[in-house]
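Asker: pasting the structure only:
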Ligand SMILES: Nc1ncnc2c1ncn2[C@@H]1O[C@H](COP(=O)(O)OP(=O)(O)OP(=O)(O)O)[C@@H](O)[C@H]1O
């Protein structure tokens, strides 16, 4: 059959499906209206149906029951309504693009071939007559997994094998089929090529129509407790994990909701960049946060080191070793061991004060804390202490209530104040003494409530002092020599920690251990609700941080995605990460998937940037062609600027997004200023709380993580700026942000980190 004929027949089919989708939309709209009307009716009728009976206990019970029932009915209507609204949203999307693929297959030789169409959601015009299958349905897997011929897929009843006869892809716009590709005509990659050739956007798009086989494995895995994805820059890790979240929500519908998923992102800017993907797939967004946000939220009194501070912090050799120690699992083990010793002695408390005077001294509190027998562990020890403190507080309040001073004060209150003191309390006191005691208590209770809150919130635990005490114990708990550290160097680190806390500051590497110790002392239980934790750019987490996160979500399965070659914070230490993870998750329940093909950049850019790495050989470029990267060696700053302006002009004509990526924020501020002075429209991205913008942006490397741009101009990749070997991963990360064009500008002498790159892979201008 000719291609035109195929297209025509397929269009007819699509038209029929769209007509049915439209009918369903109308029905859905009616349903939305109906459920809303029902809800309003229910609300309006409520006062008529409700008979308030409060005279007797059973009457009150009956009233409460009616209110509960009403609430339940309302909730049901609300759910129906939300469900219908969401469904309508998907139908509207499907009306424009009902499906993107068709598969013909035979279950066995003597059975009729079947045809299915695959789209964003499933759609049936009658029960069991599916016109479209959800891309996440078990059968849809064969579209992503294999070529023609025998292909297996996983069903709830086990593995099933079918013979795939036809695999057809459609490029659709507004209900019109633009192109049809049959993958047996060796144009399987055509659709992918089209997708990758598109312009960059300030929002990430879903990859549902072109998920690759390896990515499909990540998306559909339901076995592993730890799924670790090591993938080259641009290999689709982030894309795959978002598709995975959508898949899991579908697969466990009814048992899993988006509020039970959590995603740790590298920075807030990135969070914003990816927040459309799940809604585009018809799912609600999950909680997205950064590790910094998590720790800062839990440490309101301290200023946790920001991304920029962390990136730009200069460390001496021994500070680097201290950092390595504080990042390690050995340090975590030391924290746990130290906490255990606190069951016997050594806990640090602070005085609880009232009106500036000591109310419970720390010695008193400590005495209570250690008065319980050895069966009391940290958690119940603290609980029991709090209980006793509250009891003592109550006794003191009772005493104060009948004191002469308070009783005298009572004589002076106005009738209105008196009425307030009585509140709703029935006035059936046994005697006048009881009544005066009650009123006295009411009068002073507010003042004491502050103290009570302090007790409830564990304010009497001096965690900073405790952590400092712990740091001092560390040489007894682990071998400093293993971290090439002398005792003096360690003591210096303790002094620095103390100095910082005096200024209310804490380093990110201290935050995990500090919180861990606090959690152990107060016996904080993990969040049992969360079922899936996703961590993107995991190479920038330390083993300690991962261990800490793992303890926060004890019931969750973990998907960790990263590229050890892009460790811009943890640098080479990240190469050992996988080994360390082996200590946190059982190897039997761990699955490691490698993604080696890089989709983001043109072949020329990937071939160039992988050579910056010492071990980049296994990164495979995707065959999308473009120009060779350009390197420009400028003699002075003026030339740098002129060259950059020339590049920007080219892109502005094509309405492309260009990112000028500098090493530090200071450098970026300077470049942006200079460009603006020449009349250029540029957006400087200074903090992670900004939004990405179209056009030209100037962004420091540490914020460009995970993002991509049509063109990247690396600002000043000179020897002066990128010299040390530990900058290699940073340079690779920056270069690999480019989708279509990569330009590198350097002042005077190019960074030696490019020495490894084959000179035929780029154009050099001077
Ligand atoms: N199967 C696919 N179909 C279409 N586009 C894809 C596919 N896989 C990846 N891409 C595209 O490649 C680009 C890079 O993907 P993504 O950002 O998910 O990669 P990554 O591995 O997280 O990269 P990095 O580590 O550099 O942050 C995106 O534009 C994405 O849309």
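Answerer: Arrived safely. Since this is a predicted model, take the numbers as computed values, not measurements.
Asker: all contacts plus neighbour counts: C-alpha atoms, from now on.
Answerer: Will do.
Asker: Would you mind listing what in this protein touches the ligand?
Answerer: Contacts of the chain with the ligand, taken as Cα under 6 Å from any ligand atom, map to 192, 195-196, 207, 210-212, 231-239, 563, 599-600, 706.
Asker: mind checking the longest helix of this structure?
Answerer: helix 3-49 (DSSP state H).
Asker: State the mean pLDDT of it.
Answerer: The predicted model assigns helix 3-49 a mean pLDDT of 86.
Asker: now stretch 696-711
Answerer: The model assigns stretch 696-711 a mean pLDDT of 92.
Asker: Also stretch 297-313?
Answerer: Rounded mean pLDDT across stretch 297-313 is 90.
Asker: What about the residues of the chain next to the ligand, which are in helices?
Answerer: 192, 195-196, 237-239.
Asker: and these, which are buried?
Answerer: Buried residues within these, counting neighbours by 16 or more other Cα atoms under 10 Å: 192, 196, 237-239.
Asker: burial of residue 336, as a residue count?
Answerer: 15 (other Cα atoms under 10 Å).
Asker: one step back: elements contacting the longest helix of the chain?
Answerer: On a contact count with 3 or more Cα pairs under 8 Å, 6 or more residues apart in numbering; DSSP states H and E, helix 3-49 meets helix 57-96, strand 176-182.
Asker: Roughly how far does residue 723 sit from the ligand?
Answerer: 22 Å (Cα to the nearest ligand atom, to the nearest Å).
Asker: Could you check how many residues crowd around that residue?
Answerer: 15.
Asker: what residues are up against it?
Answerer: Contact partners of residue 723, counting by Cα atoms under 8 Å, 6 or more residues apart in numbering, are 751-753.
Asker: where does residue 214 fall, phi/psi-wise?
Answerer: With angles defined as degrees, to the nearest 10, residue 214 sits at phi -60, psi -40.
Asker: Skipping adjacent residues, who's closest to it in space?
Answerer: residue 595 (6.9 Å; Cα to Cα, 6 or more residues apart in numbering).
Asker: got the buried ones among the ones in helices among the residues of the chain next to the ligand as JSON lines, with distance to residue 576 and pLDDT columns?
Answerer: Output for these, formatted as JSON lines (distance: Cα to Cα, whole Å; pLDDT from 0 to 100):
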{"residue": "192", "distance to residue 576": "34", "pLDDT": "84"}
{"residue": "196", "distance to residue 576": "33", "pLDDT": "87"}
{"residue": "237", "distance to residue 576": "20", "pLDDT": "94"}
{"residue": "238", "distance to residue 576": "22", "pLDDT": "94"}
{"residue": "239", "distance to residue 576": "25", "pLDDT": "95"}
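Asker: of those, closest to residue 434?
Answerer: residue 238 (66.9 Å; Cα to Cα).
Asker: Check the gap between that closest one and residue 708 for me.
Answerer: 12 Å (Cα to Cα, to the nearest Å).
Asker: now residue 605
Answerer: 13 Å.
Asker: So which residues of the stretch 301-450 of the chain form helices?
Answerer: Using DSSP state H, counting those that start in this stretch, the helices assigned to the stretch 301-450 of the chain run over residues 307-312, 317-327, 329-341, 362-369, 378-401, 404-411, 415-422, 432-456.
Asker: Now do the buried residues in stretch 517-537.
Answerer: Residues of stretch 517-537 classed as buried: 517-523, 530-537 (neighbour count, 16+ other Cα under 10 Å).
Asker: Please flag which of those sit within helices.
Answerer: 517-522.
Asker: that older thread, which one of the helices and strands packed on helix 3-49 lies nearest to residue 386?
Answerer: Going by Cα to Cα, the one of the helices and strands packed on helix 3-49 nearest residue 386 is helix 57-96, 34.4 Å.
Asker: what helices or strands is that closest one leaning on?
Answerer: Other elements packing on helix 57-96 under the criterion 3+ Cα pairs under 8 Å, 6+ apart are helix 3-49.
Asker: Relative to the whole chain's centre, how far out is the helix it packs on?
Answerer: Computed by Cα atoms, centre = their mean, to the nearest Å, the separation of helix 3-49 from the middle of its chain amounts to 34 Å.
Asker: and the angle for that helix with helix 57-96?
Answerer: 160 degrees (axes from the mean of the first three to the mean of the last three Cα atoms, to 10 degrees).
Asker: Just give the closest residue to residue 598, not the sequence neighbours.
Answerer: Using Cα to Cα, 6+ apart, the closest residue to residue 598 is residue 235 (4.2 Å).
Asker: so who does that neighbour touch?
Answerer: 595-600.
Asker: Could you dump those into a markdown table with neighbour count and distance to residue 673 added?
Answerer: A markdown table is the format used below for the contacts of residue 235 (neighbours: other Cα atoms under 10 Å; distance: Cα to Cα, whole Å):
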| residue | neighbour count | distance to residue 673 |
| --- | --- | --- |
| 595 | 22 | 40 |
| 596 | 21 | 39 |
| 597 | 19 | 38 |
| 598 | 21 | 34 |
| 599 | 22 | 34 |
| 600 | 26 | 30 |
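Asker: all strands of the stretch 451-600 of the chain, in order?
Answerer: Using DSSP state E, counting those that start in this stretch, the strands of the stretch 451-600 of the chain run over residues 505-506, 532-535, 557-562, 590-595, 597-598.
Asker: Next, format those strands as JSON lines and append mean pLDDT.
Answerer: JSON lines is the format used below for the strands of the stretch 451-600 of the chain (pLDDT from 0 to 100):
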{"stretch": "strand 505-506", "mean pLDDT": "96"}
{"stretch": "strand 532-535", "mean pLDDT": "97"}
{"stretch": "strand 557-562", "mean pLDDT": "95"}
{"stretch": "strand 590-595", "mean pLDDT": "91"}
{"stretch": "strand 597-598", "mean pLDDT": "92"}
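Asker: For residue 290, find the nearest of those.
Answerer: Residue 290 sits nearest to strand 532-535 of all the strands of the stretch 451-600 of the chain, at 9.4 Å, using Cα to Cα.
Asker: what about the stretch 351-500 of the chain, any weak spots by pLDDT?
Answerer: Applying pLDDT under 70 to the stretch 351-500 of the chain flags no residue at all.
Asker: mind running it again at 80?
Answerer: Scanning the stretch 351-500 of the chain for pLDDT under 80 picks out 427.
Asker: Find the closest residue to the ligand in it.
Answerer: residue 483 (29.9 Å; Cα to the nearest ligand atom).
Asker: in the stretch 201-350 of the chain, which spans are strands?
Answerer: 226-231, 261-265, 287-290, 303-304.
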